[in-house]
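In: Pasted the sequence and its predicted model underneath.
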Amino acid sequence: MFRSLWFGILILLLTAVAVGKEIATVNDSSANTPAENTPVNNTSSNDSPTDKPAKNDSAANNVSANEEVRRLIQKLGDASYVVRQRAELQLLRMGVDAFAELQRAKNDKDIEIAHRAERLLAQIENLFLALEDRSLYYWIAQYAFSTDNMEKAGILWSLARPYYDAPNGEGLPTLCRIVRFDTEYSLRAEAAKCLMALPPSIPSKQRKWFRTIRDTLSDSGNDYLLQLVVEFAGLRCELDDLKDAAEKKSQHDAKQTKIPVEYPVPLKVDNSIRGRVLRLTDRVAEFQSKPENNAFQSGNMNDILLFYALAEIQDLAGLTAERDRSIQAALAVRTEQLGNRHPLNSISGEDVAQPFYDHIAVGRILKERFRLKWAIPHFQLVCEESTNLLLKIDANSNLAKTLIFLCNYSEATHYHDKILELVNSNEYSKRFNNSRQVSIMCRVEKLLCLARVAAEKEDWSGAKEFIRQGLDNEFLEIDLLILGYQLSDFDPIFREELKSKIAKSLSKMEQNLYQSRAVEPERQAWYVAKICNEVAWLLAGTGGDYIPALTLIESALKVEPEDCGWLDTLAHVYFLGKKYDKAVETQENVLRMAPECTLFRQSLERFRKKLQNQE
């Protein structure tokens, strides 16, 4: 490599060390929130989700709690100053449980009650917004103060959905309280859907999510919603435990027999569990058929994802026919149109009040969970039936990316052509001024796919020509550089051409690291980690230095230790450092979490082959 390239790598290494310290500081500060910042209400995510109320009927609990709030509010107007002060302090301690009644009380005819109620609402809001984890508590406060149930439904999604502000399930305790205590049944039903259908994407966090639901709401009494949610979470936990046990046994057997584990590992599920899954299937169908459980735009994202959450359970239980019916039911859902009203309006800047937007959102979530074959039909549905230009571009783009994960490069280029056709249309040019940039990026991605197809056919000259065309612009695609480097082993002239491009790409990433200080604090750690992963990936794929690459990816993994893409980078870095056993072990873990991904599977086969040759 040129001296400038190694100099750039050295600078990146020094930056990475600082970044690692910065990330650790961010994590430490979020994990050790000062006690004085803890809210006086009992909905904080710092509260243990297993602190359960007494075992009795949820509705009765709810009524008695509201009666206590109303009793205290009346005392705000008591003739005795001491009684008024004590009542105000008790209401302040109740926090979110008192929000709804305090909202009504601020318009009370008694001026003293109205004044104190308004003051309490302001105090509780300030306590929420003073916390370290502002995004989460912002939504909790918004939920408490909102009088619009459609907006509240969208906030429920934001509390659950990793797409927005709660990537690690931090909103779970609040959702559990809402499904148990909220006075509006329609909101309780929507919260129940969130609990069943919107767990985090990382497998270990999914397990924690469902275990917490099962343990927190296990004292469901005779409450229909709570019983359904607990039954759902309980079955998912049982099947996940069986899956973990089967994988551990397979790993143990593999060490004894020297035969590699093939993922996914088949489960042995007894008939009693299958019978319970079938009964759950009937209960979920009954739940979805009731109009009172679909008060917020029937056929929305939650309704579709609930079918897939059920399909996951059916798949684990080996009920393939029932699983396929659930998937077909999800694809048949069509969102009810209510003008510009949609639960996501309050939390998303996108044009969500469009037919098929929910199918785009579902497809993205499934792709994020590496349920790639389930995601594809949703994107295809939007491509075929939607008339919205941006939705069609989004769907085609996601289809291409999903097919690349499946190593179906030829078909991916078909969708790149569709995107180019849409972006270069008169309609797009009239509405947007970024047609040229989007076209270049799409064309580069298409050329990368064409180069991979040529390489698979051992058409080395054709592959290199596609790579040259793809690199002949200001947008440097990392994977294009890596593929070019891999094909340049016996072509020193081509490798010299690539050196300056690689150095330029590293320099640009270095600038992005320095510019990351301008990113809002809530996003900064993730943004820096993303850049560290990209640099480590480029170094691993182009014969860079092992130590800087390892430092960078380990810094990224401090932010999200179980991100499949970043763990895949770690495996490739180990391969770069000739740590073939570690590369195989790491990549097996990646494939365990994403068994559908052909791209990950091919890397594992390459690592295993190298390890066998070494032995």
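Out: Cool, the structure landed.

In: is it true that L476 touches M509?
Out: No. Taking contacts as Cβ atoms under 8 Å, L476 lies outside contact range of M509: 9.7 Å. Yep, even glycine has a C-beta here, placed from its N, CA and C like the rest.

In: In the stretch 301-450 of the chain, where is pLDDT below threshold?
Out: 336-355 (pLDDT under 70).

In: F287: how many residues sit nearby?
Out: If you count neighbours by other Cβ atoms under 10 Å, F287 ends up with 20.

In: Isn't it up against L228?
Out: Yes. Shown here, F287 and L228 form a contact pair, counting by Cβ under 8 Å, at 6.0 Å.

In: Let's see the distance spanning stretch 100-109 from one end to the other.
Out: From the first residue to the last, stretch 100-109 extends over 17 Å; the measure is Cα to Cα, to the nearest Å.

In: Report the buried residues of it.
Out: A100, E101, L102, Q103, A105, K106, D108 (16 or more other Cβ atoms under 10 Å).

In: so which strand or helix has the fourth one?
Out: Read that as Q103. Per DSSP states H and E: Q103 is located in helix 99-105.

In: got a list of what the closest residue to D78 other than its chain neighbours touches?
Out: Excluding the flanking residues, the one nearest D78 by Cβ to Cβ, 6 or more residues apart in numbering is R84, at 5.3 Å. By Cβ atoms under 8 Å, 6 or more residues apart in numbering, the contact set of R84 is K75, L76, G77, D78, E112, R116.

In: now the strands for the stretch 451-600 of the chain?
Out: Taking DSSP state E, counting those that start in this stretch as the criterion, the stretch 451-600 of the chain contains no strands.

In: helices and strands around the one helix or strand R436 maps to, which ones?
Out: In this structure, R436 is located in helix 435-456 according to DSSP H and E. Applying 3 or more Cβ pairs under 8 Å, 6 or more residues apart in numbering; DSSP states H and E, we find helix 435-456 packed against helix 389-405, helix 409-423, helix 460-471, helix 478-486.

In: Pull out the buried positions in it.
Out: Those would be 438, 441-455, for helix 435-456 by 16+ other Cβ under 10 Å.

In: Likewise for stretch 87-103?
Out: Applying a neighbour-count criterion of 16+ other Cβ under 10 Å, the buried positions in stretch 87-103 are 87-88, 91-92, 94-103.

In: wait, which of these is closest to Y485?
Out: Of all the buried residues of stretch 87-103, V96 has the smallest distance to Y485: 55.3 Å, by Cβ to Cβ.

In: Run the angle between the helix holding R436 and helix 409-423 for me.
Out: Here helix 435-456 runs at an angle of 170 degrees relative to helix 409-423 (axes from the mean of the first three to the mean of the last three Cα atoms, to 10 degrees).

In: So what touches helix 435-456?
Out: 397, 400, 404, 409-410, 412-413, 416-417, 419-420, 423-424, 428-429, 460, 462-464, 466-467, 469-470, 473-475, 477, 479-480, 483, 487.

In: so how far is it from its chain's centroid?
Out: 27 Å (Cα atoms, centre = their mean, to the nearest Å).

In: quick check: angle from it to helix 389-405?
Out: 20 degrees.

In: excluding its backbone neighbours, what's nearest W537?
Out: Distances taken as Cβ to Cβ, 6+ apart place T569 nearest to W537, at 4.8 Å, with adjacent residues excluded.

In: How are the strands of the stretch 201-350 of the chain distributed by residue range?
Out: Going by DSSP E, counting those that start in this stretch, the stretch 201-350 of the chain shows no strands.

In: where do the helices sit along it?
Out: Remark: helices assigned in the stretch 201-350 of the chain by DSSP state H, counting those that start in this stretch are 203-216, 224-257, 271-289, 301-316, 320-332.

In: Serialize these to a markdown table and add fields for distance to L156.
Out: Converted to a markdown table, the helices of the stretch 201-350 of the chain look like this (distance: least, Cβ to Cβ, whole Å):
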| stretch | distance to L156 |
| --- | --- |
| helix 203-216 | 14 |
| helix 224-257 | 13 |
| helix 271-289 | 16 |
| helix 301-316 | 9 |
| helix 320-332 | 20 |
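
In: out of these, which comes closest to F370?
Out: helix 203-216 (9.7 Å).

In: Tell me the helices and strands packed up against that closest one.
Out: When contacts are defined as 3+ Cβ pairs under 8 Å, 6+ apart, helix 203-216 sits against helix 172-181, helix 224-257.

In: Go through the ones you listed and pick out the most buried.
Out: Of all these, helix 172-181 has the most neighbours on average by mean count of other Cβ atoms under 10 Å, namely a mean of 23.

In: so the very next helix or strand once past that one versus helix 224-257, what angle?
Out: Note on helix 172-181: by DSSP H and E, the next helix or strand toward the C-terminus is helix 185-197. Put simply, helix 185-197 runs at 0 degrees to helix 224-257, going by the same axes, to 10 degrees.

In: which other helices and strands contact helix 185-197?
Out: Using 3+ Cβ pairs under 8 Å, 6+ apart: helix 185-197 touches helix 149-160, helix 172-181, helix 224-257, helix 301-316.

In: next one: it to chain centre, how far?
Out: With Cα atoms, centre = their mean, you get 19 Å for helix 185-197.

In: Many thanks, have a good one.
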